[in-house]
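> curious how this folds, go ahead:
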Amino acid sequence: MTITKAFLLAFCALPIHGFVPAPAAHRPPSQYVSSAISQHSLLYATANANEATESSSDSLTLFSPCKINLFLRIIRKRPDGFHDLASLFQAVGFGDTLHLSLTQNDGDEFSCNMEGVPTDSSNLVLRALELMRQRTDRKDVYFSADLVKRCPAQAGLGGGSANAATAMWGANELMGRPATLDQLIEWSSELGSDITFFLSRGTAYCTGRGEVMTSIDPPIPSGAKLSIVKPDFGLSTPKVFKALDYDQLSEENPEGLRDIFLKEGVVSTDDKYYINDLEQPAFDCLPELKALKEELLEVEGFDHVMMSGSGTSIFCIGEPADKEAFMEEFDTRVGVSVFNAEFINREEGCWFVDPEKN
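This next block holds a predicted model:
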């Protein structure tokens, strides 16, 4: 499809009225965070600012990024059975692609290249489209969605949540932006815990079940390199939480952790602050996952190595000194995949761009 300058100016012109503010006691220092901004001026992109986003008046192609958790603290188990957490989320330039268009049919259509992804009403993309239709009272608008997935399931990378957030953003664009960003953020929490994060600019401090999002503004700079190593075996989040030993939880203050990461940077932050309270229960469930991490810790060039989310992906900050040997050792191994990526963020009013196509 041809990308016109006029469209790109329009696509990036969504006025942003601020992110959902965290309670005052949980807000980061003001130099790091911008929340509840009442009126932002319109932001217009240059003609090539979003060249990885293809569009016509009734269709969009959007990148759906994954995330990692730079730290993940489990605070407590709640009466409703969920857990309160505190985590610093970061978007990365590895993910899926969503082709979204308006359709004249009397119902949404969904297809996906990855076997095993549900294509019925339980799919998060379809649920996101239905939510947008109901919340905007545009009940006569339907969509055709084709999801090209690269992100594996049970990876701890938020792939499904990102797909839902991307669908919400894209549907809002195709309907003429009936919703503000604040509204998208508010509505997204109805679909799941991590979806709200992907409506940030790329770095956010998340609490509650993960749905209480305070955007870090400006976000952590893009470009920091990392490798994501994913074994073929997975772990369900409920299974990991079931194995959680509350006596082994870290006692580090999550707000202090957040401030250290933002002050020191992801490379310079001491390894002891890379904390994931779900890592040990995941290792208890799958000792081979712990063995994989120990192998990766021996790779020269990686500054930090930790499991993301509830697993089973392990991210490695930095670049291996001998990349060819690293890929030969791990990416060709049966049952293991390696995805090389980098930190990304987005401009206000624009969606995320796949760095491989930028």
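> check the offset of the biggest helix by length in the chain from the chain's centre.
Longest helix in the chain by number of residues, with DSSP state H as the criterion: helix 159-174. Put simply, helix 159-174 sits 12 Å off its chain's centre (Cα atoms, centre = their mean, to the nearest Å).
> next SSE after that helix?
Next helix or strand after helix 159-174 toward the C-terminus (DSSP states H and E): helix 181-188.
> residues in contact with the helix or strand encompassing A291: which ones?
Assigned by DSSP H and E, A291 belongs to helix 287-297. Contacts to helix 287-297, defined as Cβ atoms under 8 Å, 6 or more residues apart in numbering, come from residues 229, 231, 233, 235, 282-283, 302, 305-307, 311-312, 314, 316, 330, 336. Heads up, the C-betas are built off the backbone N, CA and C, glycines and all.
> just the CA trace of that helix, in PDB.
C-alpha atoms of helix 287-297 as PDB (Å, rounded to 0.1, in the frame of the first residue of the first chain):
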ATOM      1  CA  PRO A 287      14.500 -27.100  36.700                       C
ATOM      2  CA  GLU A 288      15.700 -27.100  33.000                       C
ATOM      3  CA  LEU A 289      14.700 -23.500  32.800                       C
ATOM      4  CA  LYS A 290      17.100 -22.600  35.600                       C
ATOM      5  CA  ALA A 291      19.800 -24.600  33.800                       C
ATOM      6  CA  LEU A 292      19.200 -22.500  30.700                       C
ATOM      7  CA  LYS A 293      19.600 -19.300  32.600                       C
ATOM      8  CA  GLU A 294      22.800 -20.500  34.200                       C
ATOM      9  CA  GLU A 295      24.200 -21.200  30.700                       C
ATOM     10  CA  LEU A 296      23.200 -17.700  29.500                       C
ATOM     11  CA  LEU A 297      24.900 -16.100  32.500                       C
END
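> now that helix: mean pLDDT?
Throughout helix 287-297, pLDDT has a mean value of 98.
> how about M168, nearest residue that isn't a chain neighbour?
Of all residues not flanking M168 in the chain, A128 sits nearest, at 4.9 Å (Cβ to Cβ, 6 or more residues apart in numbering).
> what's the spacing between the one you found and L72?
For A128, the distance to L72 (Cβ to Cβ, to the nearest Å) stands at 24 Å.
> in contact with the residue nearest the centre of the chain: list those residues for me.
With distances taken as Cα atoms, centre = their mean, K67 lies nearest the centre of the chain, 3.6 Å away. K67 makes contact with 89-92, 157-158, 162, 194, 197-198, 308, according to Cβ under 8 Å, 6+ apart.
> and the helix or strand harbouring it with helix 159-174, angle?
K67 belongs to strand 59-77 when assigned by DSSP H and E. Strand 59-77 and helix 159-174 are oriented at 130 degrees to each other (axes from the mean of the first three to the mean of the last three Cα atoms, to 10 degrees).
> what helices or strands is the next helix or strand after strand 59-77 leaning on?
Going down the chain from strand 59-77, the next helix or strand is strand 83-103, by DSSP H and E. Under the contact definition 3 or more Cβ pairs under 8 Å, 6 or more residues apart in numbering; DSSP states H and E, strand 83-103 sits against strand 59-77, strand 142-148, helix 159-174, strand 203-207, strand 225-231, helix 254-264, strand 336-342.
> in CSV, list these along with mean pLDDT.
Below are the helices and strands packed on strand 83-103 laid out as CSV (pLDDT from 0 to 100):
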stretch, mean pLDDT
strand 59-77, 97
strand 142-148, 98
helix 159-174, 98
strand 203-207, 98
strand 225-231, 98
helix 254-264, 98
strand 336-342, 98
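> and of the ones you listed, who's closest to H99?
When the helices and strands packed on strand 83-103 are compared by Cβ to Cβ, strand 142-148 sits nearest H99, at 4.2 Å.
> ends of stretch 134-152, how far apart?
30 Å (Cα to Cα, to the nearest Å).
> check contacts around K239.
Contacts of K239 by Cβ under 8 Å, 6+ apart are C285.
> just read off the phi/psi values of it.
phi -70, psi -40 (degrees, to the nearest 10).
> what about it, distance to M132?
With Cβ to Cβ as the criterion, K239 and M132 are 32 Å apart.
> could you do L102 as well?
L102 is 12 Å from M132, by Cβ to Cβ.
> when those two are compared, which one has more neighbours?
Between L102 and M132, counting by other Cβ atoms under 10 Å, M132 is the more crowded of the two (25 against 17).
> ok, L100 - contacts?
So L100 contacts 59-62, 143-146, 167, 170-171, 174 (Cβ under 8 Å, 6+ apart).
> between the longest helix of the chain and strand 83-103, how big is the angle?
40 degrees.
> if we go by neighbour counts, what in helix 159-174 is buried?
Going by neighbour count (16 or more other Cβ atoms under 10 Å), the buried part of helix 159-174 is 159-174.
> quick check, nearest of those to S222?
Distances from S222 to the buried residues of helix 159-174, taken as Cβ to Cβ, are shortest for A162 (16.5 Å).
> list the contacts of that closest one.
Listed by Cβ under 8 Å, 6+ apart, the contact partners of A162 are 64-67, 95-96, 151, 195, 198.
> which one of those residues is nearest K272?
K67 (22.4 Å).
> excluding residues flanking it in the chain, which one is nearest the closest one?
G158 (4.4 Å).
> the one you found and S57: what is the separation?
30 Å.
> more neighbours: which of these two?
Taking neighbours as other Cβ under 10 Å, G158 and S57 compare with G158 leading, 30 against 7.
> what about V148, neighbour count?
Neighbours of V148 (other Cβ under 10 Å): 14.
> touching, it and N113? I think so.
Yes. Applying Cβ atoms under 8 Å, one finds V148 in contact with N113, separated by 5.4 Å.
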